[in-house]
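Undergrad: Test case, fold it:
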Amino acid sequence: MSKTITVNIDESLERRFKEKARLKYGNKKGSLAKAFNEAIDEWLKSDQDEILNKNMKLLNEGIQMKQWNFKREELYE
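TA: Residues are numbered from 1 along each chain as shown. Modelled structure (predicted):
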């Protein structure tokens, strides 16, 4: 199922995006939508990776929880 959305973007960004989409997918119908979906999906994945990396850093450095202070390795002991 697809959904139509309307957004306003900078003209130079639009030109660059359309050119890259054309180079990757050609001038076929739906190529711009395919590129847009891919771009949003990659952006969302990178955001999830950033959150995961932040949480892993907290686990590796240790977490202080009131009177408890432990590191990841200690949880497995």
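Undergrad: Okay, strands next: where are they in the protein?
TA: Assigned by DSSP state E, the strands in the chain fall at 63-65, 68-70.
Undergrad: now the top helix by length along the chain, how far from the centre of its chain.
TA: The longest helix of the chain (DSSP state H) is helix 31-61. Its chain's C-alpha centre and that of helix 31-61 lie 2 Å apart, by Cα atoms, centre = their mean, to the nearest Å.
Undergrad: Tell me the residue in this structure that is farthest from the middle.
TA: Gln67 (35.9 Å; Cα atoms, centre = their mean).
Undergrad: follow-up on the earlier one: for the longest helix of the chain, buried residues please.
TA: Within helix 31-61, the residues scored as buried using 16 or more other Cβ atoms under 10 Å are 31, 35. Every C-beta, even on glycine, is put in place using the N, C-alpha and C of the backbone.
Undergrad: same check, this time on stretch 6-21
TA: So for stretch 6-21, counting by 16+ other Cβ under 10 Å, buried means 17, 21.
Undergrad: Show me the contact partners of that stretch.
TA: Stretch 6-21 has contacts (Cβ atoms under 8 Å, 6 or more residues apart in numbering) with 31-32, 34-36, 39.
Undergrad: go again using 7 Å as the cut-off
TA: 31-32, 35 (Cβ atoms under 7 Å, 6 or more residues apart in numbering).
Undergrad: that older thread, which secondary structure elements does the longest helix of the chain contact?
TA: Helix 31-61 makes packing contacts with helix 11-25 when contacts are defined by 3 or more Cβ pairs under 7 Å, 6 or more residues apart in numbering; DSSP states H and E.
Undergrad: Local confidence estimate at Glu77?
TA: Note for Glu77: predicted pLDDT of 64.
Undergrad: now swap in Lys28 and tell me
TA: Reported pLDDT for Lys28: 92.
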